[in-house]
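Participant: My questions concern the predicted model and sequence given below.
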Amino acid sequence: MEGELAQMGQYIGAGLTAFGMGGAAIGVGNVAGNYLAGALRNPSAAAGQTATLFIGIAFAEALGIFSFLVALLLMFAV
Amino acid sequence: MATEPINTELAGTCVNEFGSAIGMPQLCGEWFGNQIFWLVVALVAIYFILSRVALPRIGSVLAERQGTITNDIAAAEDLKVKATQAEAAYDKALVDARAEAQRIVAAAKADIQADLDKAIAKADAEIAAKSAESEKAISEIRAGALQNVEEVAKDTALAIVEAMGSTADAKSVASAVDAQMKG
Amino acid sequence: MAGEARSEEAGLVFHPMDQFIVKPFFGDGAVSWYTITNSTVWMALAVLAVFALLVLGTSKRAVIPTRMQSVAELAYGFIYKMVEDICGKDGVKYFPYIMTLFMFIVFANFLGLLPTAFTPTAHIAVTAVMAFAVFFGVTILGFVKNGPSFLGLFWVNSAPLALRPVLALIELISYFVRPVSHSIRLAGNMMAGHAVIKVFAGFAAITAIAPFSVLAITAMYGLEMLVSFIQAYVFAILTCVYLKDALHPHH
């Protein structure tokens, strides 16, 4: 009984951490969208900023990956 | 966990007896040493491949290509300058030729003019000579005609005088006619 | 725990994590540090692929490149320009290290996409070694190059004086989180993609869902191709950014 409760908690927790990935998705979308908006305003400056774009996307995505990792840990490792 | 099969330990701490992973294979401590060792080997191998062979070679190829491109551009620049010079020379030659042509035309015109003037002068002289000759002929003819008229008048007057029955010597008749004609 | 859900009698059999099991490539037995495992084999294939592309592909040294050679030159120019743009001229001498990391990751990722392949970069042990190597290398380099003034990296001079200690703490934490996020980003992306493909493959056992499942696998596969390259690029570019911090610590 106690084990089942713990298992239930694991699954619920894993499901909840999936929200974190949604946040990361919003963040990545923000970065890319703002980059696009800026690039359309000033296309000549866009090429020089692709590195910054990818760094920003990487940072935003890292947090989503963390939540994914927590979900995996809850599912398989705890 | 308590619900794991008892004989899991036979297969290992990370894989159960069905060959499936227990938990995350990524977190299985047994495998870390192996992965890290071989990763280091792989990275060192790649590093030596890159730094000893590949990167210098690609770098030199790129530099060589850059050099070739630079040389070609310089050669093209050279050729362009040469072409410009050739064009300038061509233009100059064209201008010279045009001037020469104009000069030749002017000279020819002058020659022709001179010839023409000479011809006209010659023709004028001939015309003048011819007209003088004609003048002379006309005056001779006129003089001839006057003499004939005088003789005819003298003869006629002598004949008229003889017909009127008087004798007259030819000399007096002639002087009378002369006087009359001069009158 | 999850073991029961994946037991043999269940209608749907999911083993999304089984593809990450490290096992000896020749025969069975325990995995000790020198054993040639499937991980070893795919790393070796990555090394061979790097060798084939960058050494055999350029063996003619042609001024007008062949297809292989122009790909090699493209990779060279891509990473070289990245290092030069981000780290500046004095960062160029670290270019071989970054090229090593990039080429290894990109080939390990792409070879891992082959069916039945093993992806070394999906393992946190592998990526953590690379990330911590970068972290320690960059930190030591920073102190060697700049001395104690390297700590100025954490002291944000443009901020108001009262905020600076707080910012220093935040900067310090984010500095030490770097290797963790650096490694987990790559491993997590690789693992996530492969696990999701595997889950869709498990759905393919149900006839009614199979076509959608195949379609989804195809789409995920395309996405994974993109992710494989982008994660290698991001790993390399973050290495460059950390290196820049070590070379020029004052913002």
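Facilitator: Looks like it came in fine.
Participant: drop to CA atoms for contacts and neighbour counts, all remaining ones
Facilitator: Noted.
Participant: So the closest residue to C:Pro120 other than its chain neighbours versus chain A, what's the distance?
Facilitator: Residue nearest to C:Pro120 in three dimensions, not counting chain neighbours: C:Ser39, with 5.5 Å by CA to CA, 6 or more residues apart in numbering or on different chains. Noted for C:Ser39: a distance of 21 Å to chain A, by CA to the nearest CA, to the nearest Å.
Participant: what's the neighbour count on C:Ser39?
Facilitator: For C:Ser39, the tally of surrounding residues (other CA atoms under 10 Å in any protein chain shown) stands at 28.
Participant: got it, and A:Asn34?
Facilitator: A:Asn34 sits with 13 neighbouring residues when counted by other CA under 10 Å.
Participant: That one belongs to a strand, doesn't it?
Facilitator: No: counting by DSSP: H, G, I helix; E, B strand; the rest coil, A:Asn34 is not part of a strand but helix.
Participant: so who does it touch?
Facilitator: By CA atoms under 8 Å, 6 or more residues apart in numbering or on different chains, the contact set of A:Asn34 is empty.
Participant: Next, work out how far apart it and A:Val28 are.
Facilitator: Per CA to CA, to the nearest Å, A:Asn34 is found 10 Å from A:Val28.
Participant: before we move on, what about C:Asp245?
Facilitator: From C:Asp245 over to A:Val28 (counting by CA to CA), the distance is 24 Å.
Participant: Check C:Gly147 too.
Facilitator: 37 Å.
Participant: neighbour count winner among these two?
Facilitator: When C:Gly147 and A:Val28 are compared for neighbours, A:Val28 comes out ahead with 21 against 11, by other CA under 10 Å.
Participant: confidence score at that one?
Facilitator: We have a pLDDT of 92 for A:Val28.
Participant: Next: A:Met75.
Facilitator: As predicted, A:Met75 sits at a pLDDT of 79.
Participant: same thing with C:Ala5?
Facilitator: Reported pLDDT for C:Ala5: 43.
Participant: Determine the set of other helices and strands touching the helix or strand hosting C:Ile140.
Facilitator: Using DSSP states H and E, C:Ile140 maps to helix C:124-146. With contacts taken as 3 or more CA pairs under 8 Å, 6 or more residues apart in numbering or on different chains; DSSP states H and E, helix C:124-146 sits against helix B:32-48, helix C:164-203, helix C:210-247.
Participant: Tell me which residues are up against the helix or strand encompassing C:Gly77.
Facilitator: Here C:Gly77 sits within helix C:67-87, counting by DSSP H and E. Residues from elsewhere that reach helix C:67-87 (CA under 8 Å, 6+ apart): B:55, B:58, B:62, C:53-54, C:57-58, C:91-92, C:95, C:98-99, C:237, C:240-241, C:243-244, C:247.
Participant: The very next helix or strand once past it near chain A at all?
Facilitator: The C-terminal neighbour of helix C:67-87 among helices and strands, as given by DSSP H and E, is helix C:95-112. No: applying CA under 8 Å from any CA of the partner chain, one finds helix C:95-112 separated from chain A by no less than 15.2 Å.
Participant: Remind me what helix C:95-112 packs against, helices and strands.
Facilitator: helix B:32-48, helix C:38-51, helix C:67-87, helix C:210-247.
Participant: Buried residues in stretch C:129-136, which are they?
Facilitator: Across stretch C:129-136, burial judged by 16 or more other CA atoms under 10 Å in any protein chain shown covers C:129-132, C:134-135.
Participant: Over to stretch B:41-49?
Facilitator: Within stretch B:41-49, the residues scored as buried using 16+ other CA under 10 Å are B:41-43, B:45-47, B:49.
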